[in-house]
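Visitor: the sequence and its predicted three-dimensional model are supplied below.
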Amino acid sequence: MDRSINLAIVGATGLVGEAIIKLLADRKFPVGELFVLASENGAGSKIAFAGKTLTVRTAEDFDFSQVEVALFAAGASVSQALAPAAAESGAVVVDLSPAYRYEADIPLVVADVNDEMLAHAREQNLVACADASTVQLLRVLKPLTELGPLQDVVVTQFQAASATGKAGVDQLAQQSVRLLNGLSPSEAAQAQIAFNVLPVSGQIQENGFTSEELKLMLETRRILADQPLSIQVTTVRVPVFYGYGQSVTVRSMQGLSAAQCHALWDDGGDMSVQDSDDPQAMSPVAMVEGEPVMRLSRVREEMEAGGALSYFSVADNVRWGAALNAVKIVEKLLKDYL
């Protein structure tokens, strides 16, 4: 990447926006000019980047024709309101919200899984990033398709408070403090997440699944459309600030061995297999510092000769699942399509 491009980040003051800005600096992305945008509440605040101090502008008033790529990390309503005009101005919108993930003519992308879909980015000037949970699951499952078609996947997902952004992190912190001081968890009518596990994340739908579970199921089926795949997901919210855990059992028509899977997964990049039996190293807490990576552990074959394999994965949903996936998509766009 010899040339630089101008970038805009919508939602620059949010958890994911802040993580994107840090990754752009850490990965020495060739930014010409970076525009940091937010709502009126965030406008005027200062953000440090590459030795400069940037002033946050109001996204609603920004002229997106000034940039080649606009990263949207401010939620579905903002993307629906502003992304079409940004795309119309000529910028390629890389949207991290669910607003466009189910549009047939807009590519839904997990970096390093279906990068070839970026060839369609210029058709609508819009790319949808898969959810962090989908990124975490498919970065593991996609290599296994080299061994044969995937048949069944069962996922139990342990979802951190940061799934709902800064509000979720603040809620967990405030409830923890109140409970440790002998108070009720909240003055408002809200579910207790501190020191608790909630079996519902998102809204329960008519079919009994929650919106968070359906998100992972539908996105997986769309991206792995060539696989004869049945997928079942249960998502629970746990009192962890950052980091998703996924307990997964996968069955292939050809059968799976731990040795084969280890060889496919441990690529020396941002995904590795944890050989230690140290439970701390396998936990979400271990993922919030250092380089953003996904770690796999507890890899084991089915005791009966059924060809299934189980594992546990953990990754920082903000830095790795959301921000890094988006930055890698922009890197690939710049390299091959802009």
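Guide: Thanks, I have the structure now.
Visitor: in the stretch 1-150 of the chain, which spans are helices?
Guide: Remark: helices assigned in the stretch 1-150 of the chain by DSSP state H, counting those that start in this stretch are 15-26, 76-88, 121-124, 132-144.
Visitor: deepest-packed of those helices, please.
Guide: Ranked by mean neighbour count, these are led by helix 132-144 with a mean of 24 (mean count of other Cβ atoms under 10 Å). C-beta here means a position set from N, CA and C on the backbone, and glycine is covered the same way.
Visitor: so where do the strands sit in the stretch 151-300 of the chain?
Guide: Taking DSSP state E, counting those that start in this stretch, the strands of the stretch 151-300 of the chain run over residues 230-237, 244-252, 271-273, 294-301.
Visitor: run the angle between the longest one and strand 230-237 for me.
Guide: With axes from the mean of the first three to the mean of the last three Cα atoms, to 10 degrees defining the directions, strand 244-252 sits at 160 degrees from strand 230-237.
Visitor: just the last one next, same as before
Guide: Note on geometry: by the same axes, to 10 degrees, strand 294-301 and strand 230-237 are set 120 degrees apart in direction.
Visitor: quick one: buried residues of strand 294-301?
Guide: Neighbour-count burial for strand 294-301 flags 294-297, 299, 301 (criterion: 16 or more other Cβ atoms under 10 Å).
Visitor: roughly how far out does the helix or strand just after it sit from the chain middle?
Guide: Remark: after strand 294-301, the chain's next helix or strand is strand 308-315, criterion DSSP states H and E. Its chain's C-alpha centre and that of strand 308-315 lie 17 Å apart, by Cα atoms, centre = their mean, to the nearest Å.
Visitor: with stretch 329-336 instead?
Guide: For stretch 329-336, the distance to the chain centre is 18 Å (Cα atoms, centre = their mean).
Visitor: enumerate every residue touching residue 299.
Guide: Applying Cβ atoms under 8 Å, 6 or more residues apart in numbering to residue 299 gives the contacts 258, 261-262, 273, 309-311.
Visitor: domain parsing for the chain?
Guide: Split into domains by automatic domain parsing, the chain comes to 5-129+322-336, 134-316.
Visitor: pick the most buried one from those domains.
Guide: domain 5-129+322-336 (a mean of 19).
Visitor: still on that earlier bit, okay if I get the domains of the chain as CSV plus mean pLDDT?
Guide: Conversion of the domains of the chain to CSV gives the following (pLDDT from 0 to 100):
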stretch, mean pLDDT
domain 5-129+322-336, 96
domain 134-316, 90
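Visitor: may I see the strands of the stretch 151-300 of the chain arranged in JSON lines, with distance to residue 177 as well?
Guide: As requested, the strands of the stretch 151-300 of the chain are exported to JSON lines (distance: least, Cβ to Cβ, whole Å):
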{"stretch": "strand 230-237", "distance to residue 177": "19"}
{"stretch": "strand 244-252", "distance to residue 177": "24"}
{"stretch": "strand 271-273", "distance to residue 177": "35"}
{"stretch": "strand 294-301", "distance to residue 177": "30"}
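Visitor: before we move on, back to that, quick one, which of the helices of the stretch 1-150 of the chain gets closest to residue 315.
Guide: Proximity of the helices of the stretch 1-150 of the chain to residue 315 was assessed by Cβ to Cβ; the nearest stretch is helix 132-144, lying at 5.1 Å.
Visitor: now do the closest one: which elements does it pack against?
Guide: Under the contact definition 3 or more Cβ pairs under 8 Å, 6 or more residues apart in numbering; DSSP states H and E, helix 132-144 sits against strand 150-159, helix 211-223, strand 244-252, helix 258-265, strand 294-301, strand 308-315.
Visitor: mind naming the longest helix for the chain?
Guide: Assignment by DSSP state H gives helix 166-180 as the longest helix of the chain.
Visitor: what angle separates it from helix 15-26?
Guide: Using the same axes, to 10 degrees: helix 166-180 against helix 15-26 is 110 degrees.
Visitor: for helix 166-180, give me every contacting residue.
Guide: Applying Cβ under 8 Å, 6+ apart, the set of residues contacting helix 166-180 from outside is 14-15, 160-162, 164, 184-186, 190, 192-195, 239, 241-242.
Visitor: cutoff 6 Å now
Guide: With contacts defined as Cβ atoms under 6 Å, 6 or more residues apart in numbering, helix 166-180 is touched by 15, 161-162, 185-186, 193-194, 241.
Visitor: so what's the residue nearest the centre of the chain up against?
Guide: What sits nearest the mean C-alpha location of the chain, by Cα atoms, centre = their mean, is residue 132, with 2.0 Å. By Cβ under 6 Å, 6+ apart, residue 132 lies in contact with 317, 321-322.
Visitor: report the separation between it and residue 34.
Guide: Distance, residue 132 to residue 34, using Cβ to Cβ, to the nearest Å: 23 Å.
Visitor: just residue 116 next, same as before
Guide: Separation of residue 116 from residue 34 (Cβ to Cβ) stands at 28 Å.
Visitor: equivalent analysis for residue 120, please.
Guide: Distance, residue 120 to residue 34, by Cβ to Cβ: 26 Å.
Visitor: next: residue 273.
Guide: Using Cβ to Cβ, residue 273 is found at 36 Å from residue 34.
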